[in-house]
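Trainee: quick one: sequence plus predicted model below, questions after.
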Amino acid sequence: MAAQHNRLWKIGDVEIARIVELNGWEDDITMLLPDADPAFVQSFDWLRPHFATPEGKMIISFQAFVLRSKGRTAMIDTCIGSDRQREFDIFTNMASTFLEDMTAAGFPPESVTDVLCTHLHFDHVGWNTRKVGDRFVPTFPKARYLFGRREFEHWQHLRATNGYHHMDHLIDAIDPVIEAGLAELIEPDFQLTDEVSLIPTPGHTPGHVSVLIQSQGQSAVITGDLMHNPIQIAAPTREVRFDMDKSRGAQTRAEFVQRFGDAPTLVIGSHFAEPTAGHIVRDGQSWKLKTE
């Protein structure tokens, strides 16, 4: 049965759906911010109940988005994927209803024309492929898969030099797409349509991008892993454990918060738990996410 975690947004003429694979995961804040503690989380009462527990744990979700614009139907990231061997047990041999959930949300997989990955971490590329027999094959064989050139080349370099990162996702979620001839390497100024474009947001990975939607005077931005929890809106310059370039990531977050603070743009957090989206507004000397 399809999960009941879909959420839909309409930004001008652009329709966006959230497809959740792992909902409301609770973890210690040190998994994200090594120099933080539960008391730091508890000091921001606006995080509760959606984004933090009373005990000071953070709450995140693992999800992707699919949007419809000017005749294109695009996946923005593709989550973790089923039937995988991963570095962490929780993500290994998953069996989610991701594809069924897409159909339930009104975006059946066969309608997808583009797959745009904000970056190439395992939890953003998984459903690029699906397991058929003993092989992984492209999930969306009629789509073009859009990978940032710098991002793709960085991961190829990590693999060639036995880099520090776990690499299984390249084998099962990236290589089959390349072999099928479906991949297109793109630059940071890429536009999917005149309503959907990219914002370079490096730091988490070298070629990381966020996705800007502008239509009929309305706007939204899908963050990718620029941030994982709204606590980073209040403390954007805190270094993040998973950022490849920690200082650049902090700088990028600070610039993002300044750009979209007190702006009408809806911020859709790629790992923000339900309700996932809101506006960055003033909170004394800092900022917070005001949800709808």
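Mentor: Nice, thanks for sending it over.

Trainee: contacts only, for residue 62.
Mentor: By CB atoms under 8 Å, 6 or more residues apart in numbering, the contact list for residue 62 reads 20-22, 25, 79-80, 123, 271. C-betas here are computed from N, CA, C, even on glycine.

Trainee: not counting sequence-adjacent ones, nearest residue to residue 242?
Mentor: Distance criterion CB to CB, 6 or more residues apart in numbering; nearest residue to residue 242, sequence neighbours excluded, is residue 204 at 6.8 Å.

Trainee: count the neighbours of residue 289 for me.
Mentor: Counted with other CB atoms under 10 Å, the neighbours of residue 289 add up to 26.

Trainee: now residue 39: phi and psi?
Mentor: phi -60, psi -40 (degrees, to the nearest 10).

Trainee: quick one: it and residue 52, what's the gap?
Mentor: 12 Å (CB to CB, to the nearest Å).

Trainee: with neighbour numbers in mind, choose between the two.
Mentor: Neighbours per residue (other CB under 10 Å) separate residue 39 from residue 52, with residue 52 holding more: 24 against 9.

Trainee: for the more buried one, name its beta-bridge partners.
Mentor: Using DSSP bridges, the bridge partners assigned to residue 52 are residue 58.

Trainee: wait, it touches residue 41, no?
Mentor: Yes - with contact defined as CB atoms under 8 Å, residue 52 reaches residue 41; the gap is 5.0 Å.

Trainee: list residues touching both of these two?
Mentor: In contact with both residue 52 and residue 41: 58, 231, using CB under 8 Å, 6+ apart.

Trainee: which helix or which strand is home to the closest residue to residue 230 other than its chain neighbours?
Mentor: Excluding the flanking residues, the one nearest residue 230 by CB to CB, 6+ apart is residue 289, at 4.1 Å. Residue 289 is part of strand 286-291 when elements are defined by DSSP states H and E.

Trainee: same for that strand, what does it pack against?
Mentor: Secondary-structure packing of strand 286-291 (3 or more CB pairs under 8 Å, 6 or more residues apart in numbering; DSSP states H and E): helix 231-234, strand 277-283.
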